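Undergrad: Need coordinates for the following:
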Amino acid sequence: MATLEVTEIALVHPSRQPPFNDQTLPLSHLDNDNNLNVSFRYLRVYSSSSSVSGKSPSAVVSASLAAALVHYYPLAGSLRRRSESDNRFELYCSSGQSVPLVNASVNCTLESVGYLDGPDPGFLERLVPDPTREEGMLNPCILQVTTFRCGGWVLGASLHHAICDGLGSSLFFNAMAELARGAAQISIQPVWDRARLLGPRDNPWVGAPVRAFLSLNKDFDPYGQDIGEVRRECFLVTDESLDRFKALLREKYGLNFTTFEALGAYIWRAKVRAAKIGEEENVKYVYSINIRRLMNPPLPKGYWGNGCVPMYAQIKAGELMEQPIWKTAELIKQSKSNASDEYVRSFIDFQELHHKDGINAGSGVTGFTDWRYLGHSTVDFGWGGPVTVLPLSHKLLGSMEPCFFLPCSGDDAASGGSKDSGFKVLVNLRESAMPEFKEAMDKFHKGGEFVLS
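TA: Predicted coordinates:
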């Protein structure tokens, strides 16, 4: 059995202190979405490499982190509430602040644990810092480097979601990686300016269909719902099975759908059916849409705050299970038509008008997110890109059972598969529903017209 030992917890300061003593940075209204009051945890797995023989992963990460914090010093700050009456976050920065870096070692090789593509969940959890909500506010960024006997290592990260989204964190980690590989400067300078770029209008108003999906309830905690144990399972979706499914939709109904629409519809229905959701209950398919180029004018290239808004498709559980799958895929496709500068402005204004009233999307929410193109696989500290990228959090977009589309692990080709033969779907689901859901994914893999009904 793999044994992990924490050898040190270091406090990494910026290699050059920021030119101020104390500073309070405002966050945007998107950063202050109640659903983002969580620390998001994930890991990257790196194989050993002869090109960096003799280098310590911990030393490389520590040095590159210190250099990157000169530009991304807010990650060493602390989140706090502006006031009891307002309850929004702000970020307090002062000289002497730091980012905790946990150093650990494991008495086994990466190969022996499948490059972390599906080992014991308890072991995975120990590879990533897991702060309480209060600790996550005090230290919005906590990193962990765990070395394996083979020379491979894992970078675990816990980042408070109010500070940045997936694209924002990729900018930070890619800046670290550039500096680790010897760059004198980072290629993209970070931009803060959050309150101005994504603040409410002078006269807030909600002109887009935001209210149709959101409700107000100060006593409802989307991440406190009692749905029992949540299990995490990974499924390989091959190009062959996906192409076959989309071809069936096209041949039978004459419709073309993206992977996110077609596969998302199938998984959503399978999850709701397996969870035995009541027929009259409203269920929601929620996903984030990147607004950086959607805004007028677009956000700066270096903007690293939350630059996404949630989009929703909604239906009664009974209707979802009874209607043909193409109608569900069409519902998801239609939801994208709401994406506009006005929708974003309306969402921000809704946050301005009702933040204190407890904005939420209610129960029955299933979150979907696509990590295949977020830049996670480009984070190269000298060992090459990560062979596995794995999110551990199951609290996302107001959902306790999110689904992630992930790139295949880099070791798949070495084990006989092709890295380009498909991708992985990481599903979080209440334990009682997982056996039936697995059967649905097995049917999808085998194919046949029964997947449409």
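
Undergrad: For the helix or strand hosting Tyr287, name the packing helices and strands.
TA: Per DSSP states H and E, Tyr287 falls inside strand 282-290. Strand 282-290 is packed against helix 259-274, strand 308-316, helix 317-322, helix 325-335, strand 365-370, with contacts defined by 3 or more C-beta pairs under 8 Å, 6 or more residues apart in numbering; DSSP states H and E. For the C-beta atoms, the positions are set from N, CA and C on the backbone; glycine is no exception.

Undergrad: isn't there a strand covering Arg232?
TA: Yes: assigned with DSSP: H, G, I helix; E, B strand; the rest coil, Arg232 falls within a strand.

Undergrad: residues touching it, list them.
TA: Pro121, Leu392, His394, Leu426, Val427, Asn428 (C-beta atoms under 8 Å, 6 or more residues apart in numbering).

Undergrad: Between the residues you listed, which sits nearest Gln225?
TA: For the contacts of Arg232, the residue nearest Gln225 by C-beta to C-beta is His394; the value is 11.7 Å.

Undergrad: how much space is there between the closest one and Tyr312?
TA: In this view, His394 and Tyr312 are 19 Å apart by C-beta to C-beta, to the nearest Å.

Undergrad: could the helices and strands packed on strand 282-290 go into JSON lines alongside mean pLDDT?
TA: JSON lines is the format used below for the helices and strands packed on strand 282-290 (pLDDT from 0 to 100):
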{"stretch": "helix 259-274", "mean pLDDT": "97"}
{"stretch": "strand 308-316", "mean pLDDT": "97"}
{"stretch": "helix 317-322", "mean pLDDT": "96"}
{"stretch": "helix 325-335", "mean pLDDT": "96"}
{"stretch": "strand 365-370", "mean pLDDT": "96"}
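
Undergrad: Mean neighbour count and distance to Val387 added to these, as CSV?
TA: As requested, those are arranged in CSV below (neighbours: other C-beta atoms under 10 Å; distance: least, C-beta to C-beta, whole Å):
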stretch, mean neighbour count, distance to Val387
helix 259-274, 22, 23
strand 308-316, 20, 27
helix 317-322, 17, 37
helix 325-335, 20, 31
strand 365-370, 23, 20
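
Undergrad: Could you save those as CSV and add columns showing distance to Ala59?
TA: Converted to CSV, the helices and strands packed on strand 282-290 look like this (distance: least, C-beta to C-beta, whole Å):
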stretch, distance to Ala59
helix 259-274, 40
strand 308-316, 34
helix 317-322, 52
helix 325-335, 46
strand 365-370, 33
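
Undergrad: Can you check which of those gets nearest to Phe220?
TA: Short answer: strand 365-370, nearest of the helices and strands packed on strand 282-290 by C-beta to C-beta, at 11.4 Å.

Undergrad: residues in contact with the closest one?
TA: 166, 222, 260, 264, 267-268, 271-272, 283-288, 396-399, 401-405.

Undergrad: Check stretch 371-389 too.
TA: 42-49, 51-52, 55, 57, 60-61, 64, 115-117, 153, 155, 166-167, 170-171, 173-174, 176-177, 180-181, 391, 404-407, 409-411, 423.

Undergrad: tell me the secondary structure for Ala66?
TA: helix.

Undergrad: can you pull the contacts of it?
TA: Val12, His13, Pro14, Ser15 are the contacts of Ala66 under C-beta under 8 Å, 6+ apart.

Undergrad: Dihedrals phi and psi, the residue most central in space within the chain?
TA: Closest residue to the average C-alpha location of the chain: Gly166 at 5.5 Å, with C-alpha atoms, centre = their mean. Dihedral pair for Gly166: phi -60, psi -40, per degrees, to the nearest 10.
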